[in-house]
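> when you get a sec, could you give me coordinates for this:
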Amino acid sequence: MQRLIAFFQPLCLALGLLTTLPMGRLIATPVSAADSGRSVLCYPVVGLLIGAVLASAAAALQGVDAVLGAGLVIALWVLMTGALHLDGLADCVDALFAGHGRADPARTLAVMKDPAAGPMAVVALVLLLALKSAALIALWPQLGPVLLVVPLIARAAATLLMATTRYRRREGLASALALNLSRRDAGVVTAIAVVLTLAFAGAAWGLAVSLAALAVGLFWRGLWQRRIGGYTGDVVGALIELVETVALVVAALAMAAWA
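Numbering: from 1, shown residues only. Okay, the predicted model is just below:
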């Protein structure tokens, strides 16, 4: 049993960080540096598990009104992730507006550490959740395949960002992860995630979702490269939320165009 738990340590670490599942008893301490790095490679797996739960919930709710069903799916989504990524988005928005557009890395990083959320952060969270809900409603009749892969591709984007970008804090939630992450392995995992997205969602929707993730990932990485010269844990969390939202909206627009 101990060997089996040790084998799944990276996945347990990823589940413990990215979800509200009680993984504490399954995580051996102290956590090895190698397991910390490998846990990032498991992010897409966590995304696929989240997507499977959400798709199952949506299938079970197909008999209810689309607005109510979408609201319940969003609530489950937030509950499963503990609003961790939403908190990252709020911190990033506050940090972006704190310097009035000026690239002041020290000021930006300081604002990110402030637990308080400013008005712009609140507006951003409301808009993001509204867009997610609207996209779910639009996709409701055919939601399952898209909802299965969107959390997967979003966390693959996070893995790729962490593997290709400098971590900007000496200490922090993502510091041990960043130091022990293989760029080559991250590229392989991301490629597998794209293949699974195409397989589960179909070529058309899978391609649309994957391209949306790529576009958001490149934009977000470039923005924070200019602003602070790298990324923080908040940047990663915000990226996951942004990719999920844009991918859902693109999928909904694509369905409308094909109808």
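> count of neighbours near the residue nearest to Thr81 when sequence neighbours are not counted?
Leaving out its chain neighbours, the residue that sits closest to Thr81 by Cβ to Cβ, 6 or more residues apart in numbering is Thr19, at 6.1 Å. Quick note: C-beta positions are derived from backbone N, CA and C, even for glycine. Neighbour count for Thr19, taken as other Cβ atoms under 10 Å: 18.
> where exactly do the helices run in the stretch 151-259 of the chain?
Taking DSSP state H, counting those that start in this stretch as the test, the helices found in the stretch 151-259 of the chain are 175-179, 183-201, 203-228, 233-258.
> buried set for the second one?
What it means is helix 183-201. Neighbour-count burial for helix 183-201, with 16 or more other Cβ atoms under 10 Å as criterion, is recorded at Ala186, Val189, Thr190, Ala193, Val194, Leu196, Thr197, Leu198, Phe200, Ala201.
> which one of the helices of the stretch 151-259 of the chain lies closest to Ala138?
Ranking these by proximity to Ala138 (Cβ to Cβ) places helix 233-258 first, at 3.9 Å.
> quick one: the strands in this structure?
Here the chain has no strands by DSSP state E.
> low-confidence ranges in the stretch 1-150 of the chain?
The model of the stretch 1-150 of the chain has pLDDT under 70 over residues 1-7, 24-31, 99-103.
> contacts made by stretch 105-121 with the rest, please.
Applying Cβ atoms under 8 Å, 6 or more residues apart in numbering, the contact partners of stretch 105-121 are 89-99, 125, 168-169, 227-229, 232, 234.
> tell me the buried residues within the residues you listed.
Neighbour counting by 16+ other Cβ under 10 Å classes 89-96, 98, 125, 168-169, 227-228, 232, 234 among the contacts of stretch 105-121 as buried.
> coming back round to it: got the helices of the stretch 151-259 of the chain as CSV, with distance to Leu161 columns?
Formatted as CSV, the entries for those read as follows, by distance: least, Cβ to Cβ, whole Å:
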stretch, distance to Leu161
helix 175-179, 10
helix 183-201, 9
helix 203-228, 6
helix 233-258, 6
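> pick the most buried one from these.
Highest mean neighbour count among the helices of the stretch 151-259 of the chain (mean count of other Cβ atoms under 10 Å): helix 233-258, with a mean of 22.
> how far away from the center of its chain is that helix?
10 Å (Cα atoms, centre = their mean, to the nearest Å).
> ok, now stretch 82-95?
For stretch 82-95, the separation from the chain centroid amounts to 11 Å (computed by Cα atoms, centre = their mean).
> quick one: contacts of that stretch?
The list of residues contacting stretch 82-95 from outside it, by Cβ under 8 Å, 6+ apart, reads 17-20, 78, 108-109, 111-114, 117-118, 120-122, 124-125, 128, 227, 233-238, 240-242.
> that older thread, residues in contact with the residue nearest to Thr81?
Listed by Cβ under 8 Å, 6+ apart, the contact set of Thr19 reads Val46, Ile50, Met80, Thr81, Gly82.
> any chance of CSV for the helices of the stretch 151-259 of the chain, columns mean pLDDT?
Supplementary listing: the helices of the stretch 151-259 of the chain in CSV, determined by pLDDT from 0 to 100:
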stretch, mean pLDDT
helix 175-179, 69
helix 183-201, 94
helix 203-228, 94
helix 233-258, 93
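> wait, which of the ones you listed is closest to Ser39?
Between Ser39 and the helices of the stretch 151-259 of the chain, the tightest spacing by Cβ to Cβ is seen for helix 175-179, at 6.6 Å.
> as PDB, could you dump the C-alpha coordinates of stretch 151-166?
Extracted as PDB, the C-alpha positions of stretch 151-166 are listed here (Å, rounded to 0.1, in the frame of the first residue of the first chain):
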ATOM      1  CA  PRO A 151     -10.500  21.900 -17.500                       C
ATOM      2  CA  LEU A 152      -7.900  19.500 -19.100                       C
ATOM      3  CA  ILE A 153      -6.600  22.000 -21.700                       C
ATOM      4  CA  ALA A 154      -6.600  24.900 -19.200                       C
ATOM      5  CA  ARG A 155      -4.300  23.000 -16.800                       C
ATOM      6  CA  ALA A 156      -2.100  21.800 -19.600                       C
ATOM      7  CA  ALA A 157      -1.700  25.500 -20.400                       C
ATOM      8  CA  ALA A 158      -0.700  26.100 -16.800                       C
ATOM      9  CA  THR A 159       1.900  23.300 -17.000                       C
ATOM     10  CA  LEU A 160       3.400  24.700 -20.100                       C
ATOM     11  CA  LEU A 161       3.500  28.200 -18.700                       C
ATOM     12  CA  MET A 162       5.400  27.000 -15.600                       C
ATOM     13  CA  ALA A 163       7.900  25.000 -17.700                       C
ATOM     14  CA  THR A 164       8.700  27.900 -20.100                       C
ATOM     15  CA  THR A 165       8.700  30.900 -17.900                       C
ATOM     16  CA  ARG A 166      10.800  32.200 -15.000                       C
END
